[in-house]
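A.B. asks: need coordinates for the following:
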Amino acid sequence: MDVDHTPNIPDVDPELDGTGFGDWDGVFQGRSGEGDDQVHEEGTPTGSDFIDWHPKPPQTYGRGYTFLDSFHSDENNTYRTGNHYYPFSGRRDWEVALWLLRSGLSMAKVDSFLSLEMIKSLPLSFQILPGGPPWMSQVIPTAHPTKSPVILYWRDPLECIASLLNHPFFHDRMDFTPRRVYATAQRLCRVYSEWMTGDNAWNMQSALPGGATLLGTILSSDKTNISMMTGDRVAHPLLISLANIHMSTRLKSSSNAFVLTALLPVPKFIHKKKCMRGVLEDRLIHECLNIVLRPLKQAAREGVMLSDPVGHNPFRHEPRTKSTTLAQLRVTRVRADPGDIEAFFRETQKFHLNGFYDHDVKWLICAVGDVELDFRFSVLQPITGFCHFHEGISKLKQVTGRAQRDIQRSIIALSADAAPSAVITAIRALMDFRYLVQSPRIDDNILERISAALGEFHANKDAIIAGGFLIENWYIPKIELMQSIVPSIRNSGVIMQWTADTTEHAHITEIKDPARSSNNNNYDSQIYHDDSDSDDVEFDVDDDIPAELLATIKSPGHSRPITNHFAIAKLLQDREVGTVPVPLRSFSVGCTSFHLAHVPSIRSISVDDTALKFEVPDLRPAIADFLSREAAHGQDFVHTIGGARRAGPTALLPFEKLQVWFKLRLQDTDLHDISVVRPAQTLNCSPPSGVWTCGRCSWPADGLRGTFFSPAVLIILIIKSQDTLSDRFLAYVYRFDVIPQGGSDREPSTQLHVLKRARRSNGTRVGDVVPVTQLRAPVNLVPRFGVSADNRLTPYNSMEHASEFWLNKYWDKNTYLPLSM
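C.D. replies: Numbering: from 1, shown residues only. Sure, this is the predicted structure:
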């Protein structure tokens, strides 16, 4: 039977729009346009990109009802013009509500507090805030017995989508017109980033009726523990969001771009086989999803009118897709009765329809040996802000995501030389694959590198089995999934936008925090009641602190807010002379920001005493040579490390006193988007003592050209004795040189650069003084331990006694690409 799949466009009331339809992106961005007028001129470059916009852009259909309309329609709206705390009657009401919201008290205790006679006597006049989509519940019958009734709590996902679409926060933060982005005007190299830059969005828009708007729906579901240590309380939230929201906005947990749309049941089936209990739970989840998502399916078939943040009505239609999985399930249904769970499960296993630490780490533990690999991890110098595995990694029981990331940073460099080169090549190729696909901006060249990395793994993977690791076959779901990554990027944009970091954090705000406010019984019902009370609106006002001083931001993948030293540096730079200490302790150069403590670690010390304390015998001539170069070339001169020392050990300086800092905070921006500020890194510069000095290597302003700075030995500020000398922050650093590897500058199996300390003809290390502003970004050095690490090494001497080092490009994703070029 032929079925007409053409979407039905709902009739539009002519009173809503009597002059025609407007281009959505044009109106949404504050531009005007009617009919077929194109807002985006085809091929108009944005920055360094060249863009082709879809020839059939979405259009608006009159004005709808917005989020803020619910405020304007309130009977007390007249009071809002003169009351900044509306819908509260004043600041006192707002302060009480804010305190209760942040107190962590359970709802019962809040009710008890508000019922006190003294509190009732206060002139509190809380107004009812606009709520979110209403919750519903339904008992789900099951063919197999469970320990308790199965109840599904859910709300209309279409209403959740509508609440996101017309939320004022997302105004100017959504895309509605598909586009093809190119790196050059010749359009030879395609660039992929947001969902709207992929082929799927383009093809779907082409298949929609003229003027229809394409909205992408993101669903995220994962079980999360509610109770701590005991109780075995588990929730299974279903979150929903829009792929049209800009990736940088959607991935920030503070944006609240994911809405809780259902609490899926977590039943306990009564069945003698554990695996069958899991199958029954999975079938129940699919049944519940079918119930919850029914409104979305209907909208996909028929279309629906929704309002954006400024009240424009777009016509929405979602695509329908086929999959190999459905075809395989149809074959399975022929071979086995779905009602016979065990027989059906056996058939699905034939089609394989049923992580980093589980595979890569265990392979390397087998290849290197658990004792040897544990020792190598244990003698690495701890670095501020990162995990240090004092007892190694082979015996870790609960490996968190953060621990896995910190293992991933160093394991290739630590395993090199101790494992067969083919094993290292295979696992390194997988590592390259992961790092490349996590880029927020991928072009055709990077896609080729991704495919090449996966091909290199498959060409060398048999060495893992040959090395002694027992693998029956390579039917590993995660490796199988990797085959779909490149097509997925071409179709739907970069995969980084689908990261689970944001939704996992949403489990805290949407599930765990409300659960802590409950009475520890009937979690689901209390969670959805709490969610209904707290939807959509969050009031937070602070009149005493200027907004520009609140220089912290929240970023995807980081649980704590990031201090924005760029904003602080700009604020200090604009202050009046005499109101802040000079030179400024926070300052920026290009995409790098620097921050030092207000008070130096050593307030005043002579040059010669500094040289003795830090064991830097050539400090005086190094400063003299620096001043000589500055006098000849000016302050913008880029200083190199090395060369003949021109000044003598008793060189005269125009000053004798220094101030010394032991720590420097260095912050940079994202490689792909300079508007994204990354967490600051701490460079430690303590003098030699009974414990080692932790530190990291910094590479110079002109990039990778064979020379690297060591961890800064000390950071000094010259205390001037002449008016002609300006205060400067300087760093004394040592130099590392790249060791050529045959015909390449990288070691073949690890694809890492190998460095060695630069030395003068008399055997002393090559060091020099450079401005702190010449530092650019921290990189990581790992000692090259060889086939077997020296058992005399400790975390305090491993860097000092190593003769060669790996330049570890896997330490940081921001420096991975520059160090891989």
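A.B. asks: mind listing what's buried in stretch 609-617?
C.D. replies: Counting neighbours by 16 or more other C-beta atoms under 10 Å, one finds that the buried residues in stretch 609-617 are 610-611, 613-614, 616. Where C-beta positions appear, they are placed from N, C-alpha and C, glycine not excepted.
A.B. asks: among those residues, which two are most distant?
C.D. replies: Across the buried residues of stretch 609-617, the longest distance by C-beta to C-beta is 8.7 Å; it joins 613 and 616.
A.B. asks: adding secondary structure, write the buried residues of stretch 609-617 out as CSV.
C.D. replies: Converted to CSV, those look like this (DSSP: H, G, I helix; E, B strand; the rest coil):
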residue, secondary structure
610, helix
611, helix
613, helix
614, helix
616, coil
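A.B. asks: dump the residue contacts of residue 224.
C.D. replies: Taking C-beta atoms under 8 Å, 6 or more residues apart in numbering as the criterion, residue 224 is in contact with 234-237, 504, 507, 511-512.
A.B. asks: switch the cut-off to 7 Å
C.D. replies: For residue 224, the contacting residues are 235, 237, 507, 511, by C-beta atoms under 7 Å, 6 or more residues apart in numbering.
A.B. asks: residue 653 too?
C.D. replies: Applying C-beta under 7 Å, 6+ apart, the residues near residue 653 are 607, 620, 623-624.
A.B. asks: from residue 366, how far off is residue 616?
C.D. replies: In this structure, residue 616 and residue 366 are 45 Å apart, going by C-beta to C-beta, to the nearest Å.
A.B. asks: repeat that for residue 564.
C.D. replies: Counting by C-beta to C-beta, the separation of residue 564 from residue 366 is 44 Å.
A.B. asks: and if you look at residue 795?
C.D. replies: In terms of C-beta to C-beta, residue 795 sits 25 Å off from residue 366.
A.B. asks: which residues in the stretch 51-200 of the chain form helices?
C.D. replies: For the stretch 51-200 of the chain, helices defined by DSSP state H, counting those that start in this stretch occupy the ranges 69-72, 91-102, 107-114, 117-120, 157-165, 199-207.
A.B. asks: now the strands for the stretch 601-750 of the chain?
C.D. replies: Secondary structure of the stretch 601-750 of the chain (DSSP state E, counting those that start in this stretch): strands at 602-606, 657-661, 663-668, 681-684, 697-699, 707-709, 714-718, 729-738.
A.B. asks: JSON lines for the ones you listed, including mean neighbour count and distance to residue 216?
C.D. replies: Listed next are those as JSON lines, based on neighbours: other C-beta atoms under 10 Å; distance: least, C-beta to C-beta, whole Å:
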{"stretch": "strand 602-606", "mean neighbour count": "14", "distance to residue 216": "57"}
{"stretch": "strand 657-661", "mean neighbour count": "20", "distance to residue 216": "49"}
{"stretch": "strand 663-668", "mean neighbour count": "21", "distance to residue 216": "32"}
{"stretch": "strand 681-684", "mean neighbour count": "20", "distance to residue 216": "36"}
{"stretch": "strand 697-699", "mean neighbour count": "23", "distance to residue 216": "39"}
{"stretch": "strand 707-709", "mean neighbour count": "21", "distance to residue 216": "44"}
{"stretch": "strand 714-718", "mean neighbour count": "23", "distance to residue 216": "49"}
{"stretch": "strand 729-738", "mean neighbour count": "22", "distance to residue 216": "45"}
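A.B. asks: compare the ones you listed and give me the one nearest residue 284.
C.D. replies: Using C-beta to C-beta as the measure, strand 681-684 is the one of those that comes nearest residue 284, at 47.1 Å.
A.B. asks: can I get that closest one in CSV? Just the C-alpha atoms.
C.D. replies: Taking C-alpha atoms only, strand 681-684 is exported to CSV below (Å, rounded to 0.1, in the frame of the first residue of the first chain):
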residue,chain,number,x,y,z
GLN,A,681,47.6,26.3,34.5
THR,A,682,50.0,26.8,37.3
LEU,A,683,53.8,27.0,36.6
ASN,A,684,55.7,26.3,39.8
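A.B. asks: ok now that strand, how far from the chain's centre?
C.D. replies: Computed by C-alpha atoms, centre = their mean, to the nearest Å, the separation of strand 681-684 from the middle of its chain amounts to 21 Å.
A.B. asks: quick check: mean pLDDT of the host helix or strand of residue 435?
C.D. replies: Applying DSSP states H and E as the criterion places residue 435 in helix 421-437. Confidence over helix 421-437, taken as the mean pLDDT, stands at 94.
A.B. asks: repeat that for stretch 138-146.
C.D. replies: Per-residue pLDDT values over stretch 138-146 give a mean of 83.
A.B. asks: going forward, count from 40.
C.D. replies: Got it, first residue is 40 now, which makes that one stretch 177-185.
A.B. asks: pull up the distance across it, start to finish.
C.D. replies: This stretch, stretch 177-185, spans 16 Å end to end (C-alpha to C-alpha, to the nearest Å).
A.B. asks: how near is residue 473 to residue 535?
C.D. replies: As for residue 473, its distance to residue 535 is 11 Å (criterion: C-beta to C-beta).
A.B. asks: more crowded one of those two?
C.D. replies: Counted by other C-beta atoms under 10 Å, residue 473 and residue 535 do not tie: residue 535 has more neighbours, with 21 against 17.
A.B. asks: what's the more buried one in contact with, if anything?
C.D. replies: For residue 535, the contact set (C-beta under 7 Å, 6+ apart) comprises 477-479.
A.B. asks: just the buried residues of those residues.
C.D. replies: When the contacts of residue 535 are checked against 16+ other C-beta under 10 Å, the ones flagged as buried are 478-479.
A.B. asks: least confident secondary structure element in this structure?
C.D. replies: The element with the least model confidence among the helices and strands of the chain, by mean pLDDT, DSSP states H and E, is strand 736-738, at a mean of 40.
A.B. asks: quick one: buried residues of the helix or strand containing residue 451?
C.D. replies: Secondary structure assignment for residue 451, by DSSP H and E: helix 440-454. When burial is assessed from 16+ other C-beta under 10 Å, helix 440-454 yields the following buried residues: 443, 445-454.
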